[in-house]
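S.K.: the sequence and its predicted three-dimensional model are supplied below.
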Amino acid sequence: MPEGHTIHRLASALDELWSGQRLRASSPQGRFANGAESIDGQVLLGASAHGKHLFLPFAPEGYMPLDGPGVTWLRVHLGLYGSWTFDGDASFTAPHAIGAPRRRVGERGEHPLGRSGGSALVGLGVGTGGGTAPGKWSPSEPRGAVRLRLLGEHGCADLTGPAACELLDADGVAAVRHRLGPDPLRDDGEREVFVANVRRRRKPVGELLMDQAVLAGAGNIYRAETLFRCRINPYRPGNATGVGRLRAVWDDLVPLMTYGVETGFITTVDAADVPDVLDEGDQEAARWYVYHRDGRACLRCGTTVRRAEVGGRTLFWCPRCQAR
DNA sequence: TTTCCATGAGAAT
DNA sequence: TTCTCCTGGAAAT
């Protein structure tokens, strides 16, 4: 569920909260007991993301070189269901929950129209420990199947349901990154590499945008929405898609996903296209053009939005706006 | 209560 | 292509 913007947002939150600090690591659920044990008590050196992968380098206190052999890298991939839940005292601000779009009791951020909610870092007025004076906070019992709990002085982060949670050395990290295509959210993401990756293949462009080796970070919502915004037919073969059109996709994704990192939400509809009156049950109309809007009228042309399975996932598109 | 489904991806066939 | 795994909420029974 969580697309690349979620992971980048998470990486900056963790970097801001804990970089340079010594953390406790444990696996309340037990399934990552060995891994947690080996980084327990080490210092978090930073946090970064490539596509949907989160990388957290750990080293013993006092260890210097970030690329040295003493660094242990934690790699987390949330998959479809994974999520992080934060809790802590008043000085500990983080997204309350980040990952799969579950509603938890008291959770904020279920914004009605996709614009008011989602400040960059939501304070913890809602967690069990929220508002506790600094220094007086103590971690609550983990809820659910917590694979990994990272605990700092002022708060903790609980990881549940990840598709991947493993320890790697620097070579292992390089190997994972080698399999990934360029990420529009990274400084080293190269547009022309993405363009070449698509044009090398015959598969439908709607399928290629989900392939993390072609483009890292976009998921099912961003693929549907950017194809709509760029008016590209999802069934068009990659090698028959013009360079200019693919550059437009990349140039569209960069600000779109950057906005996602800043707000925590995927919002893709330009202000001019927001309907004046929202239909009953059409609350998502102001957020997305086509995603989850099958059977309803296209916000731009009124044609009925369609859905179909492409690349093993449900794709949504407007047959008129995206005729070619 | 059971089943289905979801912003994912690797392995198996 | 199909299967499988990770979790939890909503819909269906």
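M.R.: Nice, I can see it. Numbering: from 1, shown residues only, chains lettered A, B, ... in the order given.
S.K.: separation between A:Ala11 and A:Thr314?
M.R.: For A:Ala11, the distance to A:Thr314 equals 28 Å [Cβ to Cβ, to the nearest Å]. Glycine gets a C-beta too; all of them are placed from N, C-alpha and C.
S.K.: and A:Asn220, by the same measure?
M.R.: Distance from A:Asn220 to A:Thr314, by Cβ to Cβ: 7 Å.
S.K.: more neighbours: the two, which one.
M.R.: For A:Asn220 versus A:Thr314, neighbours defined as other Cβ atoms under 10 Å are more numerous around A:Asn220 (21 against 14).
S.K.: and that one, how far from A:Thr263?
M.R.: 19 Å.
S.K.: one more: A:Ala213?
M.R.: 28 Å.
S.K.: pLDDT averaged over stretch A:299-316 - what is it?
M.R.: Per-residue pLDDT over stretch A:299-316 has a mean of 93.
S.K.: just stretch A:264-271 next, same as before
M.R.: Average pLDDT, stretch A:264-271: 91.
S.K.: buried ones in that stretch, by neighbour count?
M.R.: Neighbour counts over stretch A:264-271 (16 or more other Cβ atoms under 10 Å) mark A:Gly264, A:Phe265, A:Ile266, A:Thr267, A:Thr268, A:Val269 as buried.
S.K.: ok, the third one - contacts?
M.R.: Counting by Cβ atoms under 8 Å, 6 or more residues apart in numbering, A:Ile266 makes contact with A:Glu3, A:His5, A:Ile221, A:Tyr222, A:Glu225, A:Leu256, A:Gly260, A:Arg287, A:Trp288.
S.K.: going by distance to DNA strand C, which of the residues you listed wins?
M.R.: Nearest to DNA strand C among the contacts of A:Ile266 is A:Glu3, at 15.3 Å by Cβ to the nearest atom of the strand.
S.K.: distance of the residue lying closest to the closest one once chain neighbours are set aside from DNA strand B?
M.R.: Leaving aside its sequence neighbours, A:Glu3 sits nearest to A:Gly219 (Cβ to Cβ, 6 or more residues apart in numbering; 3.6 Å). A:Gly219 sits 2 Å away from DNA strand B, going by Cβ to the nearest atom of the strand, to the nearest Å.
S.K.: what do you get for A:Asp273?
M.R.: In terms of Cβ to the nearest atom of the strand, A:Asp273 sits 20 Å off from DNA strand B.
S.K.: again, but for A:Val261
M.R.: From A:Val261 to DNA strand B the distance is 12 Å (Cβ to the nearest atom of the strand).
S.K.: burial of that residue, as a residue count?
M.R.: Other residues lying near A:Val261 total 19 when counted by other Cβ under 10 Å.
S.K.: tell me which residues touch it, please.
M.R.: A:Val261 makes contacts with A:His5, A:His8, A:Arg9, A:Ser12, A:Leu185, as judged by Cβ under 8 Å, 6+ apart.
S.K.: pretty sure the third one contacts A:Tyr259?
M.R.: Read it as A:Arg9. No. A:Arg9 lies out of contact with A:Tyr259 (Cβ atoms under 8 Å); the separation is 11.0 Å.
S.K.: among those two, which residue is more densely surrounded?
M.R.: A:Arg9 (23 against 14).
S.K.: mind checking which helix or strand the nearest residue to the more buried one once chain neighbours are set aside is in?
M.R.: Counting by Cβ to Cβ, 6+ apart, A:Arg9 lies nearest to A:Val261, which is 4.8 Å off, once chain neighbours are set aside. Of the helices and strands defined by DSSP states H and E, A:Val261 is found in helix A:243-263.
S.K.: so A:Ala25 sits in a helix?
M.R.: No. Checked against DSSP: H, G, I helix; E, B strand; the rest coil, A:Ala25 lies outside a helix; its state is strand.
S.K.: that one - how many residues pack around it?
M.R.: 20.
S.K.: and what of A:Val305?
M.R.: Counted with other Cβ under 10 Å, residues neighbouring A:Val305 total 24.
S.K.: what's near enough to touch it?
M.R.: Counting by Cβ under 8 Å, 6+ apart, A:Val305 makes contact with A:Val290, A:Arg293, A:Asp294, A:Gly295, A:Arg296, A:Ala297, A:Cys298, A:Phe316, A:Trp317, A:Cys318.
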